[in-house]
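Undergrad: based on what follows, work out the 3D shape:
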Amino acid sequence: MPDRGTRIDAHVKVLDDRVVARAKARGLDGIVYAPHFRRLPDVRERAEQFSDDDLLVVPAREVFTGDWRNRRHLLALGLSDPIPDFITFEGAMAELDRQDAAILVPHPAFATVSLTRPEIDAHGARIDAIETYNAKLLAHQNRRAGDIADDLDLPAFGSSYAHLPWTTGEAWTDFEGDLTTEADVVEAFKTATPRRVVHRSDAGHHLAGAVEFAHLAYENTWKRLDRMLLSGEDPTNPHGVFYEGRFDDVAVY
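TA: Next up, the predicted model:
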């Protein structure tokens, strides 16, 4: 990777040939792939499929903690074992600690899906970075996230949070040094490697963000809730056979 540093779009939800092409066209060196409701082995397999010498795809999980009405999202990198959604926050943190994962806070203080500032403050010693720019969010929401990171003296990261392929590379985290492997990226987050949060600022950037924000309505329908929670075979249901009962005592459903 180039001496200019390593540009990582630190959170994307989709991955296909269009995403890879867009990432390379935007000058990225890597993306963090963390789709909703997919088990870690599947995420890792797809990440490996789309990684090449020009673009590193890092597998990750955005874990949904708590119930659907009051959930707290955690972005975890460097996982060795699968972890389900819809378990308690403390249960998730304990499992991520056990796996020595990098723990990131996406879209802080946003709606009912994010850690609040008091929660981030209370758990700051266990948090490796806070997202201070999310291309899906509005300007005042990103400013609030930046203020939280500054006030609590926690490292920052930025991402496109792309749920749509063409949003990839609208924002990224520019790390010092060459990060050539998944382990390098995880270590960079865990050791607070110097970095800058960068985003595009043209009209297309603002349009992409507006379309992504509108996409939230689709992401949060009761139809989707029913599909996820009423099926014991859902890939990240904590009672699923994949988890062998390990999370039954911290499941919220």
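Undergrad: any idea how far residue 79 is from residue 248?
TA: To residue 79, residue 248 is 20 Å away according to CB to CB, to the nearest Å. All C-beta atoms are positioned from the backbone trio N, CA, C, and that covers glycine.
Undergrad: can I assume residue 146 is in contact with residue 137?
TA: No. The pair residue 146 / residue 137 is not scored as a contact, 11.3 Å apart, by CB atoms under 8 Å.
Undergrad: pick out whichever of the two has more residues nearby.
TA: Neighbour count, other CB atoms under 10 Å: between residue 146 and residue 137, residue 137 has more, with 21 against 18.
Undergrad: picking up where we left off before, give me the more crowded residue out of residue 248 and residue 79.
TA: Between residue 248 and residue 79, residue 79 has the larger neighbour count (other CB under 10 Å), namely 21 against 11.
Undergrad: ok, and the closest non-adjacent residue to residue 41?
TA: Nearest residue to residue 41 in three dimensions, chain neighbours excluded: residue 82, at 6.7 Å (CB to CB, 6 or more residues apart in numbering).
Undergrad: residue 183 too?
TA: Closest to residue 183 by CB to CB, 6+ apart is residue 78, at 7.5 Å.
Undergrad: dump the C-alpha coordinates for the helix or strand containing residue 57 into CSV.
TA: Assigned by DSSP states H and E, residue 57 belongs to strand 56-65. C-alpha atoms of strand 56-65 as CSV (Å, rounded to 0.1, in the frame of the first residue of the first chain):
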residue,chain,number,x,y,z
LEU,A,56,-8.2,-5.2,1.6
VAL,A,57,-11.7,-6.2,2.8
VAL,A,58,-11.8,-6.6,6.6
PRO,A,59,-14.6,-8.7,8.0
ALA,A,60,-16.5,-7.3,11.0
ARG,A,61,-19.8,-7.5,12.8
GLU,A,62,-22.1,-4.7,13.9
VAL,A,63,-23.7,-6.3,16.9
PHE,A,64,-27.2,-5.3,17.8
THR,A,65,-27.4,-5.3,21.6
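Undergrad: any idea how far the lengthiest helix in the chain is from the chain center?
TA: Taking DSSP state H as the criterion, the chain has its longest helix at helix 139-152. Taking the mean of its C-alpha atoms, helix 139-152 sits 17 Å from the chain's own mean (CA atoms, centre = their mean, to the nearest Å).
Undergrad: after that helix, which helix or strand is next?
TA: Next along from helix 139-152, by DSSP H and E: strand 156-159.
Undergrad: ok, residue 149 - contacts?
TA: 108, 130, 132, 155, 156 (CB atoms under 8 Å, 6 or more residues apart in numbering).
Undergrad: please apply the same query to residue 34.
TA: Neighbour list for residue 34: 11, 12, 13, 43, 59, 60, 61, 62, 75 [criterion: CB under 8 Å, 6+ apart].
Undergrad: gap between the nearest residue to it once chain neighbours are set aside and residue 12?
TA: Nearest residue to residue 34, sequence neighbours excluded (CB to CB, 6+ apart): residue 60, at 4.0 Å. Between residue 60 and residue 12 the computed distance is 10 Å (CB to CB).
Undergrad: give the residues shared as contacts by those two.
TA: Here residue 60 and residue 12 share the contacting residues 32, 33, 34, scored by CB under 8 Å, 6+ apart.
Undergrad: ok so, going back, report the buried residues of the longest helix of the chain.
TA: Using 16 or more other CB atoms under 10 Å as the burial criterion, the residues of helix 139-152 that qualify are 141, 142, 144, 145, 146, 148, 149.
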